[in-house]
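Enquirer: okay, predicted coordinates and the sequence, questions at the end:
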Amino acid sequence: MMSFQDFLPSDTPKYRYKSYDECLQLFEEKYDELKCEEDPLGQAYNPYFIMDVDECSFLDCFVYSGERLLTLSWEIYDHVSQSTLLRMESSQHAVAIGAFTTIFSAWARTVPPEVENTSTRTVRGATRTKRADISWAPKNMPRGLSHKWPTFVGEVAWSEPRSKLIADMKFWLNDPGSCVNAAITISVLRGRILIEKWETSGNQTPSPSQALEICRNPKHGFPQVSGNLSINFADVFLRNPDPEKGEEDFILTETDMHEMADQVWSFQYDS
């Protein structure tokens with residue numbers, strides 16, 4: 001079974017949970033490191049660290065404590081190893097999430113009130129508990145499908161390795177109880193933003209099936225935006241669209257990419 005160390009840098013710090021107060025102090029120190037060490041133009045800082053913690057303490061400290069620095073930090077809890085993957089979220093990461101969510105919301109909410117933003121929802125899989133950076137689901141799931149699982153998810157990568165994205169997609173698309181039909185990743189790289197749609201067949205490792213990319217300074221003769229990306233209406237709403245009501249698939253446009261890039265790059269390069 002894959003461990004956190006399998007998809008993170010070898011120097012990723014690891015700690016053991018001792019108490020709520022010590023954990024909060026550690027996070028305050030990590031946040032100061034992030035502000036001092038993060039390169040606004042690159043990925044010099046590894047925002048991840050691992051903490052060994054029993055499930056009861058994990059829930060008390062990171063899920064139900066009400067302390068935003070802690071409740072927003074956890075990404076995955078592994079029930080087998082009894083450890084959690086924690087992340088100090090950068091501003092660039094948050095801006096990318098917000099930019100895409102605004103674009104997707106404009107499409108999803110053309111059919112009110114059928115689907116909702118579920119990005120704060122905790123999802124328990126076969127061996128891990130996780131939440132997505134971006135997630136949407138019908139307000140009323142059909143009988144037989146868990147209301148805990150979203151139908152659409154997105155993960156944003158600012159400084160994590162490619163192997164981390166693949167592990168995330170395996171959880172969302174391959175878990176036995178998953179209801180996820182569409183999954184994307186948004187990679188904020190040096191001078192470009194890459195959005196990929198992932199798919200899987202059976203229990204195979206997911207791989208990108210569509211991609212859309214915008215380059216800040218493309219080479220002469222090359223377009224600034226290239227590729228295509230769409231999400232089927234039925235994959236999110238769990239029903240077919242009604243064209244007479246203007247219901248249609250989500251298509252990420254060149255204009256959308258420019259709007260998202262403007263927000264991310266204005267922060268990334270003007271910091």
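Expert: Right, received. Where do you want to start?
Enquirer: name the residues of the helix or strand of the chain with the lowest mean pLDDT that come out as buried.
Expert: The weakest-scoring helix or strand in the chain, judged by mean pLDDT, DSSP states H and E, is helix 20-37 (a mean of 81). Within helix 20-37, the residues that qualify as buried are C23, L26, F27, K30, L34, counting by 16 or more other CB atoms under 10 Å. Quick note: C-beta positions are derived from backbone N, CA and C, even for glycine.
Enquirer: do the same with stretch 260-268
Expert: M260, A261, Q263, V264, W265, F267, Q268.
Enquirer: and the average pLDDT for that stretch is what?
Expert: The pLDDT scores in stretch 260-268 average 90.
Enquirer: list the buried residues for the helix or strand hosting F104?
Expert: Per DSSP states H and E: F104 is located in helix 91-108. With burial defined by 16+ other CB under 10 Å, the residues of helix 91-108 counted as buried are Q92, H93, V95, A96, I97, A99, F100, T101, I103, F104, W107, A108.
Enquirer: still on that earlier bit, by contact count, what packs against the least confident helix or strand of the chain?
Expert: Where contact means 3 or more CB pairs under 8 Å, 6 or more residues apart in numbering; DSSP states H and E, helix 20-37 is packed against helix 68-71.
Enquirer: and after the helix it packs on, which helix or strand comes next?
Expert: Taking DSSP H and E, what comes next after helix 68-71 is strand 74-78.
Enquirer: what helix or strand does the spatially closest residue to L72 that is not a sequence neighbour sit in?
Expert: Among residues not flanking L72 along the chain, E89 sits closest, at 6.5 Å (CB to CB, 6 or more residues apart in numbering). Under DSSP H and E, no helix or strand contains E89.
Enquirer: still on that earlier bit, would you mind getting the angle between the least confident helix or strand of the chain and helix 91-108?
Expert: Angle, helix 20-37 to helix 91-108, by axes from the mean of the first three to the mean of the last three CA atoms, to 10 degrees: 100 degrees.
Enquirer: for helix 20-37, what is the distance to the chain centroid?
Expert: Averaging C-alpha positions (CA atoms, centre = their mean, to the nearest Å) puts helix 20-37 22 Å from its chain's average.
Enquirer: mind listing the strands for the stretch 151-271 of the chain?
Expert: Counting by DSSP state E, counting those that start in this stretch, the stretch 151-271 of the chain has strands at residues 152-157, 182-189, 192-199, 207-215, 225-228, 230-231, 250-251.
Enquirer: which secondary structure elements does the last one contact?
Expert: Based on contacts counted as 3+ CB pairs under 8 Å, 6+ apart, the elements that strand 250-251 packs against are helix 91-108, strand 230-231.
Enquirer: lowest mean pLDDT across the ones you listed, which one is that?
Expert: helix 91-108 - the lowest mean pLDDT of the helices and strands packed on strand 250-251, at a mean of 92.
Enquirer: name the next helix or strand downstream of that one, please.
Expert: Next along from helix 91-108, by DSSP H and E: strand 115-117.
Enquirer: ok, residues contacting that next one?
Expert: T101, S105, A108, R109, S135, W136, A137, P138, K139, T151, V236, F237 (CB atoms under 8 Å, 6 or more residues apart in numbering).
Enquirer: out of those, which is most surrounded?
Expert: Among the contacts of strand 115-117, the one with the most neighbours (other CB atoms under 10 Å) is A137, at 26 neighbours.
Enquirer: so it is in which element?
Expert: Secondary structure from DSSP H and E places A137 in strand 134-138.
Enquirer: sheet partners, orientation included, of that strand?
Expert: Applying DSSP bridges, strand 134-138 is found paired with strand 115-117 (antiparallel), strand 152-157 (antiparallel).
Enquirer: and the last one, C-alpha only, in CSV?
Expert: Read it as strand 152-157. Provided in CSV are the C-alpha atoms of strand 152-157 (Å, rounded to 0.1, in the frame of the first residue of the first chain):
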residue,chain,number,x,y,z
PHE,A,152,-16.7,16.5,-9.4
VAL,A,153,-13.3,17.3,-7.8
GLY,A,154,-10.3,19.4,-8.5
GLU,A,155,-6.9,19.5,-6.9
VAL,A,156,-4.5,22.4,-7.2
ALA,A,157,-0.7,21.8,-7.3
